[in-house]
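**Q** I would like to see how this sequence folds:
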Amino acid sequence: MSTDMTSVPATAPLAAAREVTPAPTSPSPRGGAGWARRVAVWLTCGVFAVIFVYPLVWLVSASLKPRQDVFNNKLIPDPFAFGNYAKVLEELPFLQWTLNSVVVGMAAAIAVTLSSALVAFGFAYFQFRGKNALFALVLGSMMLPSAATLIPTYLIWNYLGLASTQVPLWAGNLFGSAFYIFLLRQFFRGLPREIFDAARVDGSGFFGLFWRIALPMSKPALAITFILEFQASWVDLLKPLVYLRDESLFTLPRGLKSVLDQFGQGGQREWEVVMAANVLVVLPMFLLFAVAGKYIMQGISVSGSKE
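**A** Residues are numbered from 1 along each chain as shown. Got it, this is the predicted structure:
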């Protein structure tokens with residue numbers, strides 16, 4: 001007696017497969033380990049956050065203490081001495097120093113952003129013999145200590161009659177910066193080449209490609225260049241210490257040096273005034289990075305991901 005295999009429905013194996021109930025699986029042993037790893041990461045980040053934030057908290061606290069309590073470890077002043085800040089603003093031309101720092105910082109940031117972008121665009125767009133060797137030479141200049149060129153640079157500005165002005169604090173940025181040239185070149189290399197070719201067909205010149213296409217499409221990289229250079233100029237002490245003699249031209253770091261000489265170790269040791277002045281200098285940069293932090297990270301990540 002034969003069996004007719006054609007009488008078996010074609011869906012029988014599928015139906016049987018649906019009726020099979022999978023065996024219950026035990027919880028993954030890696031679940032607990034993953035949770036512990038996350039806790040360890042958060043604890044580590046918290047410890048390092050406290051380590052980095054504590055000096056700032058201590059500085060603010062010390063600036064609000066009376067003279068005899070400045071160097072104790074109490075984070076909450078008792079009593080609060082708000083007069084320390086009033087003394088800084090009354091006895092020092094602090095607002096003038098702040099204005100000078102803003103003017104010098106803006107000039108330095110704008111100069112280095114535009115000049116570095118122009119050089120970076122040339123390295124990214126044009127193809128010419130020796131380009132890689134020239135770019136390597138530009139990067140090699142980053143290894144040259146600034147102290148090695150300090151005296152020759154001063155002699156140049158002194159010959160031009162500008163050694164006692166604010167011009168040397170920012171005019172050197174007109175020649176670009178190797179770090180920012182590298183950063184912007186990486187971004188420019190990621191821009192679509194077809195856009196520039198189409199603009200060339202429409203009759204645009206090379207400077208038009210840079211000004212009308214490359215710069216508007218590179219705002220994240222330009223923003224981080226501007227912010228980082230503004231911050232570097234804001235905290236720079238060496239160049240103001242070398243070039244500035246007139247107190248009315250002082251920037252904030254140079255002003256802080258005079259505050260230290262007048263109220264600190266060279267004066268009456270009114271350290272609470274020195275601490276208050278330091279808070280007033282740090283606060284604008286703290287607010288700047290708090291507001292622009294996400295744009296800085298975006299600019300770094302986008303620039304670093306360009307091929």
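
**Q** Quick one: the helices in the protein, in order.
**A** Ranges of helices in the chain, per DSSP state H, are 12-19, 30-63, 83-91, 94-125, 131-140, 150-159, 178-189, 193-201, 206-208, 219-234, 238-243, 252-263, 271-305.

**Q** I'd like the ones you listed as TSV, with mean neighbour count and mean pLDDT appended.
**A** C-beta here means a position set from N, CA and C on the backbone, and glycine is covered the same way. Shown next, in TSV, are those (neighbours: other Cβ atoms under 10 Å; pLDDT from 0 to 100):
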stretch	mean neighbour count	mean pLDDT
helix 12-19	9	46
helix 30-63	12	87
helix 83-91	16	91
helix 94-125	20	96
helix 131-140	12	94
helix 150-159	13	94
helix 178-189	22	93
helix 193-201	12	92
helix 206-208	13	92
helix 219-234	21	92
helix 238-243	18	94
helix 252-263	20	89
helix 271-305	17	79
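
**Q** want to throw those into TSV with distance to residue 171?
**A** Below are the helices of the chain laid out as TSV (distance: least, Cβ to Cβ, whole Å):
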stretch	distance to residue 171
helix 12-19	79
helix 30-63	33
helix 83-91	30
helix 94-125	7
helix 131-140	19
helix 150-159	8
helix 178-189	16
helix 193-201	31
helix 206-208	22
helix 219-234	12
helix 238-243	11
helix 252-263	17
helix 271-305	23
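
**Q** out of the ones you listed, nearest to residue 77?
**A** Counting by Cβ to Cβ, residue 77 lies closest to helix 30-63 out of the helices of the chain; the figure is 6.0 Å.

**Q** just the angle between that closest one and helix 271-305, please?
**A** 140 degrees (axes from the mean of the first three to the mean of the last three Cα atoms, to 10 degrees).

**Q** Give the other helices and strands that helix 30-63 contacts.
**A** Helix 30-63 sits against helix 271-305, with contacts defined as 3 or more Cβ pairs under 8 Å, 6 or more residues apart in numbering; DSSP states H and E.

**Q** Does anything pack onto the helix it packs on? Which helices or strands?
**A** Contacts defined by 3+ Cβ pairs under 8 Å, 6+ apart place helix 271-305 against helix 30-63, helix 83-91, helix 94-125, helix 178-189, helix 219-234, helix 252-263.

**Q** if we go to 7 Å?
**A** With contacts defined as 3 or more Cβ pairs under 7 Å, 6 or more residues apart in numbering; DSSP states H and E, helix 271-305 has these neighbours: helix 30-63, helix 83-91, helix 178-189, helix 219-234, helix 252-263.

**Q** that older thread, so which of the helices of the chain gets nearest residue 76?
**A** When the helices of the chain are compared by Cβ to Cβ, helix 30-63 sits nearest residue 76, at 7.1 Å.

**Q** quick one: contacts for the spatially most central residue of the chain?
**A** Taking Cα atoms, centre = their mean, the centroid of the chain lies closest to residue 228, which sits 4.0 Å from it. Neighbouring residues of residue 228 by Cβ atoms under 7 Å, 6 or more residues apart in numbering: there are none.

**Q** quick one: residue 167 from residue 156, how far?
**A** 11 Å (Cβ to Cβ, to the nearest Å).

**Q** and if you look at residue 81?
**A** Counting by Cβ to Cβ, the gap from residue 81 to residue 156 is 47 Å.

**Q** ditto for residue 279
**A** Residue 279 is 37 Å from residue 156, by Cβ to Cβ.

**Q** repeat for residue 235
**A** 24 Å.

**Q** Can you show me the CA trace of stretch 125-142 as CSV?
**A** Output of stretch 125-142 as CSV, limited to C-alpha atoms (Å, rounded to 0.1, in the frame of the first residue of the first chain):
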residue,chain,number,x,y,z
TYR,A,125,41.4,73.1,-3.2
PHE,A,126,44.4,73.6,-5.4
GLN,A,127,46.8,70.9,-6.7
PHE,A,128,50.4,71.9,-7.2
ARG,A,129,53.8,70.4,-7.0
GLY,A,130,55.3,70.4,-3.5
LYS,A,131,52.0,71.0,-1.8
ASN,A,132,52.4,68.1,0.7
ALA,A,133,56.0,69.2,1.5
LEU,A,134,54.8,72.8,2.0
PHE,A,135,51.9,71.7,4.2
ALA,A,136,54.3,69.6,6.3
LEU,A,137,56.5,72.7,6.7
VAL,A,138,53.5,74.6,8.0
LEU,A,139,52.7,71.9,10.5
GLY,A,140,56.4,71.7,11.5
SER,A,141,56.2,75.4,12.6
MET,A,142,54.0,74.2,15.5
